[in-house]
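Undergrad: Let's see this in three dimensions:
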Amino acid sequence: MGFDGKRLPATFLATGLLMCLALPACTPRGAAPATGGAGDATAAGAGLPAIQYEAHISAGDRPPPGARPRNPHAGDAAVAKNGAMLFAAMNCDGCHGGGGSGWVGPNLADGRWRYGGADEEIFSSIYYGRPKGMPAFGGALGPEGVWTLVTYLKSLPVPADEATESWEH
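TA: A predicted model of the protein is given here:
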């Protein structure tokens, strides 16, 4: 139905549908990718890293432009101490265990990272969440809170001998 309550002709609807489908294909090859998504330069410029994980595919097989964010608190023991309190307050230990030692969620203190262990990769996991159980905390904590957690997690000592179970005999 149109705005005046009359039926629109089928050709009008079909033409509109074809135009909507054709618009994404109108970008010429070699052109810079459009910006405005969660991982574009705007997000990276605000201190937010681009979303990157194994199922992520950038349009045109090129990642969007943007700067690599840096942890403003890297190595700061006072921020790491606050991060430990935030880890408990946000109930991160409810899934990842006390001290990030692992429980329902993976161990965060063993130096093994499914989505990468660089500061910006850990930030991305906390801020945007991950498939199969990790919720996005960026909206609740903001970039400053997430960087505080990253600083805490990076301060955890990696055990010299990490226990690993094997089900093979």
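Undergrad: would you list every one of the helices in the chain?
TA: 10-22, 41-45, 77-89, 93-96, 119-128, 138-155 (DSSP state H).
Undergrad: Pick out the shakiest of those, pLDDT-wise.
TA: Of all those, helix 41-45 carries the lowest average pLDDT, namely a mean of 45.
Undergrad: Deepest-packed of the helices of the chain, please.
TA: With neighbours taken as mean count of other C-beta atoms under 10 Å, the helices of the chain reach their highest mean count in helix 119-128, at a mean of 22. Yep, even glycine has a C-beta here, placed from its N, CA and C like the rest.
Undergrad: For that helix, list the C-alpha coordinates in CSV.
TA: What follows is helix 119-128, C-alpha atoms only, in CSV (Å, rounded to 0.1, in the frame of the first residue of the first chain):
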residue,chain,number,x,y,z
ASP,A,119,46.0,-5.7,24.6
GLU,A,120,43.8,-4.5,21.8
GLU,A,121,42.6,-8.0,21.1
ILE,A,122,41.6,-8.6,24.7
PHE,A,123,40.0,-5.2,24.7
SER,A,124,37.9,-6.2,21.7
SER,A,125,36.8,-9.5,23.3
ILE,A,126,35.6,-7.6,26.4
TYR,A,127,34.2,-4.6,24.7
TYR,A,128,32.3,-6.3,21.8
